[in-house]
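# Provided below are the primary sequence and the corresponding predicted coordinates.
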Amino acid sequence: MDATGKTYVGLHNRTYTLDKKLGSGGEGDVYAVRNNHSQVAKVFKAVKPGREDKLKAMISLNIQSRINGIVRLTFPEDIRYENGHMVGFVMPTVDDTLRLFKVCREKDKDKDAIFPNYGWKHAVIIAYNIAELVEYLHKNNVIIGDFNPNNFVIDGAHGGMSVFVDCDSFDITDPKTGRSFPCEVAFPEVAAPELQSVHSFKGMHTVESDNFSLAMHIFRLLMNNMDD
């Protein structure tokens, strides 16, 4: 169902009117917010049990999506309701579309258009920026879990700054209640060895498994996507 033109209410009675659809995924659709370029809205196709509580807990963490004025995370900034029912959330806008897996390729037309002289220096800068972002999240008691390369966007306008999208899958703990909201997915190609044989990823992600996945992505960056 197309939500264009519909108006929703946030946690503190702020209203959001949706504009054109920007994209669609397995869990929901993303829309522009009318007269507000700095934020977009995700509309769930179906709301899973506990999702509203997790979003509230994420907002209470006070994680900064913008670091030094630049968007680095699409962390939830508000929850949207329709007739008292949670239907989605609001997050920062990310204008860039260059995904990490494209940057890792030796030749890619999208990468070449943004980085026409791409070389080792660019790879090291991007790797550093991703590692810095992972460290920031870990220091704030957030485990990433799903290191899908589609979840990393590279900001060409700021020299290879990394932006982490799809943050609502993060593994977090509510600081007020102690309730855990585990990440239930993983990207097998870069998952830590201890995750390769489990039947469920729920509750299995750790800082150490995050660091293993981070190392795999850095290796791919520096070695032009070769990790065999």
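On my side now, so go ahead. Residues are numbered from 1 along each chain as shown.
# at which residues are the helices of the protein located?
Using DSSP state H, the helices of the chain run over 51-60, 100-104, 109-114, 120-139, 207-222.
# out of these, flag the one nearest residue 172.
helix 51-60 (6.0 Å; Cβ to Cβ). From N, CA and C alone the C-beta is placed, and that goes for glycine too.
# if we can go back for a sec, deepest in the core, which of the helices of the chain is it.
Each of the helices of the chain was scored by mean neighbour count; the highest is helix 100-104, a mean of 21, by mean count of other Cβ atoms under 10 Å.
# quick one: that helix to chain centroid distance?
Centroid displacement of helix 100-104 relative to its chain, using Cα atoms, centre = their mean, to the nearest Å, is 16 Å.
# with stretch 147-167 instead?
Per Cα atoms, centre = their mean, the centroid offset for stretch 147-167 relative to its chain is 8 Å.
# show me which residues of it are buried.
147-149, 151-156, 158, 160-167 (16 or more other Cβ atoms under 10 Å).
# try stretch 29-40
Quick answer for stretch 29-40 (16+ other Cβ under 10 Å): 29, 30, 31, 32, 33, 39, 40.
# from the residues you listed, which is closest to residue 46?
residue 29 (12.1 Å).
# could you check the pLDDT of the residue lying closest to residue 173 once chain neighbours are set aside?
Excluding its sequence neighbours, the residue lying closest to residue 173 (Cβ to Cβ, 6 or more residues apart in numbering) is residue 180, at 5.1 Å. In this model, residue 180 is scored at 95, pLDDT.
# for residue 180, give me its contacts.
171, 172, 173, 174, 203 (Cβ atoms under 8 Å, 6 or more residues apart in numbering).
# just put the helices of the chain in TSV and tack on distance to residue 74 and mean pLDDT.
Shown next, in TSV, are these (distance: least, Cβ to Cβ, whole Å; pLDDT from 0 to 100):
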stretch	distance to residue 74	mean pLDDT
helix 51-60	11	96
helix 100-104	15	90
helix 109-114	20	89
helix 120-139	12	94
helix 207-222	18	95
